[in-house]
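# Structure, please.
(one chain, ligands or ions: 1)
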Amino acid sequence: MTELQRPSLSLPDAGGRLLLHSCCAPCSGEVMEAITASGIDYAIFFYNPNIHPVKEYELRKQENIRFAEQHDVPFIDCDYDTDNWFTRARGMENEPERGIRCTMCFDMRFERTALYAHEHGFDTISSSLGISRWKNMAQINDCGHRAAARYPGLQYWDYNWRKGGGASRMVEISKREQFYQQEYCGCVYSLRDANRHRRETGRERIQIGLLYYGQEAGQDSKD
Ligand code: SF4
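Predicted coordinates:
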């Protein structure tokens with residue numbers, strides 16, 4: 001395990017209660033352990049209607065529930081409102097990853113996180129999304145700040161979870177916990193594009209439910 005040199009974290013601007021949007025167990029494992037170690041009062045908010053198909057959604061969610069229960073962290077299981085996600089994605093089907101479809105996707109997930117936080121007494125929101133090296137952190141932070149700005153007294157915590165060994169511990173925790181390892185970002189279009197790339201490079205199509213961390217040389221989560 002990478003030597004733990006985590007600073008003691010505290011919420012910005014004397015925040016008291018954090019609602020942490022989680023995209024999956026591999027990305028949130030290190031984030032959760034860092035927050036728990038700092039004694040911050042928080043709950044997990046699982047809202048990811050982008051994930052397709054439902055089998056993949058359930059796999060990612062159940063792994064996250066298992067880990068939250070292990071750490072005695074409240075887990076809020078939000079809607080799988082895929083119709084809304086597809087409506088918002090209309091016209092963006094062929095956009096590349098990190099493009100405007102992803103901005104929409106982050107916006108949608110943060111908007112629901114911010115709404116729930118506002119209605120349930122959380123003063124800070126954040127997300128595990130930014131720990132993955134596949135993601136554009138500035139893009140995610142823009143979306144997080146935009147969502148929090150909708151409600152007075154709500155702030156977005158743009159902590160960089162990758163730094164201080166966080167990105168390495170993310171993989172180590174995933175192996176230790178033998179988390180399910182997703183092989184594409186999440187939506188049907190990212191699955192299509194990942195499979196297209198595999199076909200072009202002579203690899204087999206993604207098989208959902210097949211790969212778990214610790215079974216072979218681990219990489220960070222493709223989410
Ligand atoms: S590629 Fe990932 S972030 Fe982008 S729209 Fe699809 S699921 Fe959302």
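# and stretch 141-156, is it in reach of the ligand?
No - using CB under 6 Å from any ligand atom, stretch 141-156 stays clear of the ligand, with a minimum separation of 10.1 Å. From N, CA and C alone the C-beta is placed, and that goes for glycine too.
# so which strand or helix has residue 86?
Element membership of residue 86, judged by DSSP states H and E, is helix 82-89.
# which residues touch residue 190?
Residues near residue 190 by CB atoms under 8 Å, 6 or more residues apart in numbering: 97, 184.
# Flag every residue of this structure that's near the ligand.
Going by CB under 6 Å from any ligand atom, the residues of the chain near the ligand are 50, 97, 101, 102, 105, 185, 186, 187, 189, 190.
# Now rank those residues by neighbours and give me the top one.
residue 50 (27 neighbours; other CB atoms under 10 Å).
# That one touches residue 186, doesn't it?
Yes - with contact defined as CB atoms under 8 Å, residue 50 and residue 186 form a contacting pair (4.8 Å).
# Okay, helices next: where are they in the chain?
Here the chain has its helices, by DSSP state H, at 25-37, 54-70, 82-89, 100-119, 137-148, 166-177, 188-200.
# What average pLDDT does the last one get?
Taken as a whole, helix 188-200 has an average pLDDT of 97.
# I'd like to check the angle between that helix and helix 82-89, please.
With axes from the mean of the first three to the mean of the last three CA atoms, to 10 degrees defining the directions, helix 188-200 sits at 70 degrees from helix 82-89.
# Low-confidence stretches in the chain?
1-5, 216-223 (pLDDT under 70).
# List the residues that contact the nearest residue to residue 184 once chain neighbours are set aside.
With sequence-adjacent residues excluded and distances taken as CB to CB, 6 or more residues apart in numbering, residue 184 is closest to residue 194, at 4.1 Å. Applying CB under 8 Å, 6+ apart to residue 194 gives the contacts 183, 184, 185, 206, 222.
# number of nearby residues for residue 54?
Around residue 54 there are 10 other residues, counting by other CB under 10 Å.
# Likewise for residue 209?
Neighbour tally, residue 209, other CB under 10 Å: 10.
# where's the closest residue to it other than its chain neighbours relative to residue 30, distance?
For residue 209, ignoring the flanking residues on the chain, the nearest one in space by CB to CB, 6+ apart is residue 59 at 6.0 Å. Residue 59 is 20 Å from residue 30, where distance means CB to CB, to the nearest Å.
# Turn the helices of the chain into JSON lines, columns for distance to residue 19.
Putting those into JSON lines (distance: least, CB to CB, whole Å) gives the following:
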{"stretch": "helix 25-37", "distance to residue 19": "11"}
{"stretch": "helix 54-70", "distance to residue 19": "13"}
{"stretch": "helix 82-89", "distance to residue 19": "20"}
{"stretch": "helix 100-119", "distance to residue 19": "4"}
{"stretch": "helix 137-148", "distance to residue 19": "10"}
{"stretch": "helix 166-177", "distance to residue 19": "20"}
{"stretch": "helix 188-200", "distance to residue 19": "25"}
